[in-house]
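Undergrad: let me see the structure of the following:
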Amino acid sequence: MKKLTYMYVIIIAFALFSLFGCSDSNPVSGDEHHFEAVGCYVIQNTDTLIYYVNGIVKGEISVNSGSTSPLLLLRFISEDGDIGVPEEEEQSLSWEIANNSLAEASLDDNNDWGFRISGLNQGSTTIVITILHGEHPDFVSKPFPLIIN
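TA: Take a look at the predicted model:
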């Protein structure tokens, strides 16, 4: 009986979390659903450098040591296959470079979903892209290869 009661408590807690867990609405559009990314593209000019979906990373970002990349734009793939960027003010871009002695990233001043990579020293490292919703991550990529020539 104790085991059954414990299981009901777990099920109810999970159901409540599922219903109320990350349910901010977009006050501008009135939409009750916020952008949920399941993958992304990293685009430079018209070239796709990285394609990431279903846990598979294809491509790499390459920049020369002592220089800064052109603008790299992120476009995310939603659960239903739409491609776009999050539009809620509470959602923001974050990243982590595995070896900060090789490269650093900076947010583009004119594009919330664009960034640039500066090559500091030659070598190979990775960058992980994150969509933050307030303080918690809504989306975290696998590591993308980052090559500094």
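
Undergrad: go ahead and confirm residue 41 touches residue 51.
TA: Yes. At 5.8 Å, residue 41 and residue 51 qualify as touching, with contact defined as C-beta atoms under 8 Å. (Each C-beta comes from the backbone N, C-alpha and C, glycine too.)

Undergrad: so for the residue nearest the centre of the chain, what's the pLDDT?
TA: Central residue of the chain (C-alpha atoms, centre = their mean): residue 130, 3.2 Å from the mean position. Per-residue pLDDT puts residue 130 at 95.

Undergrad: contacting residues around stretch 85-95?
TA: Identification of contacts with stretch 85-95 by C-beta atoms under 8 Å, 6 or more residues apart in numbering yields 24, 26, 28-29, 34-35, 37, 74-76, 105, 107, 112-113, 115, 127-134, 137-138.

Undergrad: are any of these buried, and which?
TA: 26, 34-35, 37, 74, 76, 105, 112-113, 115, 127, 129, 131-133, 138 (16 or more other C-beta atoms under 10 Å).

Undergrad: residue 80: helix or strand, and which one exactly?
TA: Of the helices and strands defined by DSSP states H and E, none includes residue 80.

Undergrad: what about it, neighbour count?
TA: Using other C-beta atoms under 10 Å, residue 80 is surrounded by 8 other residues.

Undergrad: cool, residue 106 as well?
TA: If you count neighbours by other C-beta under 10 Å, residue 106 ends up with 11.

Undergrad: bridged to it, which residues?
TA: Beta-bridge pairing of residue 106 under DSSP bridges involves residue 116.

Undergrad: got it, and residue 137?
TA: With DSSP bridges as the rule, residue 137 is bridged to residue 132.

Undergrad: kind regards, and thank you for your time.
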